[in-house]
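*Asks:* Make a model of this:
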Amino acid sequence: MKRQTSVAMFGIIFAAVMALGIVSVSGFSQPLFVASTDTKVVNHLGMMGHITFTATNQDGNIFSYIQTDNLIVNVGENCVAESIFDVNTTGTDQCAGTGVQTSGNGVADGGFNFIAIGTDNSSAVATTNQTLSAEVSRILANSTTITESAGTSNAVVKLVGIFTSNATQSIEESGIFDKAMAADENMLARQIFDGIPLTPGDKLTVEWDITIGQ
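*Replies:* The predicted structure follows:
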């Protein structure tokens, strides 16, 4: 009778322990659960710009060479969002363009294909910039190419603009826009830098690489 009572008690205790999710292995208690690994995939989608300035004289000799990075400005980010998702942004940094979407938002039909240069770097580069401080020239990029994201984590768009100086001036800022100067233009990126002195006939080649992804 004692043996049956002991077996019964053991069964009750074992059932209670199992209900609590604990078993004893070699004297150590372990929870009855399977640890899961977080399989959430994190995608990083960002944009950054890298600029190369090469100044040459009328003989083709290089006399100035600068490389620098920049930030994509707020209005540029908003324009990209509008173009991708066909929505309208609001506020002080809203996209002012009238793109191809039916709702009339987004960048100009040709995209961000204009490069501008200016002569004033007194204003600190800020994500809220929407224009250059003292623009002197803006041209449609001489070429726009893309290195597609295939086997890598990003895509790179390269814009190249070649300016010919018609005055003695110091170039100290540059930006990317979606059209020639207009009331509803949008700037994608801007950067200021140490002055590049130009005289009439000098050429300034601006190569702007926009990297999308990380």
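*Asks:* State the distance from the residue most central in space within the chain to Leu188.
*Replies:* Per CA atoms, centre = their mean, the C-alpha nearest to the average position across the chain is that of Met47, at 1.3 Å. For Met47, the distance to Leu188 (CB to CB, to the nearest Å) stands at 9 Å. Every C-beta, even on glycine, is put in place using the N, C-alpha and C of the backbone.
*Asks:* Next: Ala141.
*Replies:* The span separating Ala141 from Leu188 equals 12 Å under the rule CB to CB.
*Asks:* If you count surrounding residues, which of these two has more?
*Replies:* It is Leu188, of Ala141 and Leu188, that has more neighbours when counted by other CB atoms under 10 Å, with 25 against 21.
*Asks:* quick one: contacts for the more buried one?
*Replies:* Contact partners of Leu188, counting by CB atoms under 8 Å, 6 or more residues apart in numbering, are Ile72, Val73, Gly76, Cys79, Val80, Phe112, Gly175, Ile176, Phe177, Asp178, Ile210.
*Asks:* In a markdown table: those residues, plus secondary structure and pLDDT.
*Replies:* Listed next are the contacts of Leu188 as a markdown table, based on DSSP: H, G, I helix; E, B strand; the rest coil; pLDDT from 0 to 100:
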| residue | secondary structure | pLDDT |
| --- | --- | --- |
| Ile72 | strand | 85 |
| Val73 | coil | 88 |
| Gly76 | helix | 87 |
| Cys79 | helix | 86 |
| Val80 | helix | 85 |
| Phe112 | coil | 90 |
| Gly175 | strand | 94 |
| Ile176 | strand | 94 |
| Phe177 | strand | 93 |
| Asp178 | coil | 89 |
| Ile210 | strand | 89 |
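*Asks:* biggest separation within these, which pair?
*Replies:* Of all pairs drawn from those, the one with the longest distance (CB to CB) is Val80 and Gly175, at 15.5 Å.
*Asks:* Which one of those two is surrounded by more residues?
*Replies:* Between Val80 and Gly175, counted using other CB under 10 Å, the more crowded position is Gly175 (28 against 19).
*Asks:* Pull up the gap between the more buried one and Phe63, please.
*Replies:* From Gly175 over to Phe63 the distance is 23 Å, taken as CB to CB.
*Asks:* Repeat that for Ala126.
*Replies:* Separation of Ala126 from Phe63 (CB to CB): 30 Å.
*Asks:* Likewise for Thr211?
*Replies:* On the measure of CB to CB, Thr211 and Phe63 end up 28 Å apart.
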